[in-house]
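A.B. asks: Here you go, sequence then predicted model.
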Amino acid sequence: MAKWLVKSEPSSWSFTQQIEAGPKGTHWNGVRNHVAKQHLMAMQMGEEAFFYHSNHGKEIVGIVAVSRTYYPDPTDASGKFGMVDFTVVRALARPVSLEEIKRTSALGDMVLVRNSRMSVQPVTEAEWATVLGMASA
DNA sequence: GCCAACGTTGGC
DNA sequence: GCCAACGTTGGC
């Protein structure tokens, strides 16, 4: 099962709101980037993603899982882009900040570090395990 | 099909 | 609030 990372600006959609959305989850709309779209399309049911707060926060705060695979985004008038649904799995024991990630050499190749603008990105199993370890340390 | 201009994202 | 990086748009 592939691992992912999705970003959200907490003033528009925060992890707290994601939790409040409950087990049904919510749709992850608004992606308008073709690379990000490819990642959304590759996501399988139940696959997990880190939930990252961009701008305000700049930290990974929790884990979500795909509760519905890729389908058209009704807010996209062009019809080119779609979305998936995510439901909350759990919050991390403590958030892992971008600064910490940058200081950790094993995470130097994370897309988050390499391409800060990619809003939906793959995470390797090694990176996933490293971040989880940091959160529980 | 190239590329300059423009808009947006997100770290600082 | 600034600006670098990147994606998209549109004129040619």
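C.D. replies: Thanks, I have the structure now.

A.B. asks: what sits opposite A:Phe86 in the beta ladder?
C.D. replies: A:Thr26, A:Val66 (DSSP bridges).

A.B. asks: now do the one 5 residues further on
C.D. replies: Here A:Ala91 shows beta-bridge partners A:Gly62, assigned using DSSP bridges.

A.B. asks: what number of residues lie near it?
C.D. replies: Per other Cβ atoms under 10 Å, the neighbour tally for A:Ala91 reads 16. In short, each C-beta sits where N, CA and C put it, glycine included.

A.B. asks: so who does it touch?
C.D. replies: A:15, A:19, A:61-63 (Cβ atoms under 8 Å, 6 or more residues apart in numbering).

A.B. asks: Mind pulling up the pLDDT for it?
C.D. replies: With respect to pLDDT, A:Ala91 has a value of 97.
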